[in-house]
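Undergrad: Any chance you could fold what I've pasted below:
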Amino acid sequence: MTNRVIAILEDNDERIAAMDACLSRSFPTLKRRFFRTAPEFIAWLPEGILQARLISLDHDLEPAPDQGIDFDPGTGRDVSRTLLNFPSHCPVLIHSTNVHAAIAMEAELNAQGWSAERITPYGDLDWIMEAWLPAVYRLIVEAE
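TA: So this is what the prediction gives:
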């Protein structure tokens, strides 16, 4: 059951819905696992990383309304730094408007032998179909 999950760190409901719809059409046999916080994603890694076919990480995360303003959802950088504790297993796609953080995440992962690249969201949700999904597809195909 290895390599059967696309694991995504994303806290925005509209982005999650758009990503899920794209992936269900393009990769119907792969499971999709969405995490809204870095601690949730990090807790999943020891058991789940070997199932991952691809990891996609946002950087800036906001607490959900029910979590309150004092809740810290962490960042994608928390996850990317935790990935460095594991052998490179699958490609990582960073999707963040925080360009400086995304560049740092990409550089750190690549320096430690992970295959990482980044895209910058644009145009509300347009980027998901136009840039993110083609990158996901290419990275999955290249990793085979």
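
Undergrad: Counting neighbours, what do you get for Asn85?
TA: Applying other CB atoms under 10 Å, we find 11 residues neighbouring Asn85. C-beta coordinates here come from the backbone N, C-alpha and C atoms, glycine included.

Undergrad: Please tell me how far it sits from Met19.
TA: 26 Å (CB to CB, to the nearest Å).

Undergrad: Arg4 too?
TA: Taking CB to CB as the measure, Arg4 and Met19 are separated by 17 Å.

Undergrad: Pick out whichever of these two has more residues nearby.
TA: Met19 (24 against 13).

Undergrad: For the helix or strand where that one lies, the averaged confidence score.
TA: Per DSSP states H and E: Met19 is located in helix 13-26. Mean pLDDT, helix 13-26: 96.

Undergrad: So which elements touch that helix?
TA: strand 5-9, strand 31-35, helix 133-143 (3 or more CB pairs under 8 Å, 6 or more residues apart in numbering; DSSP states H and E).

Undergrad: The first one versus strand 31-35: what angle between them?
TA: By that I understand strand 5-9. 20 degrees (axes from the mean of the first three to the mean of the last three CA atoms, to 10 degrees).

Undergrad: on that earlier part again, deepest-packed of the helices and strands packed on helix 13-26, please.
TA: Burial of the helices and strands packed on helix 13-26 is given as mean neighbour count (mean count of other CB atoms under 10 Å); strand 5-9 ranks first at a mean of 25.

Undergrad: what's the angle between that one and helix 13-26?
TA: Following the same axes, to 10 degrees, one obtains 160 degrees for the angle between strand 5-9 and helix 13-26.

Undergrad: Other residues contacting strand 5-9?
TA: Where contact means CB atoms under 8 Å, 6 or more residues apart in numbering, the residues beyond strand 5-9 that reach it are 16, 19, 23, 27, 30-36, 38, 41, 44, 48, 51-58, 61, 76, 79, 136.
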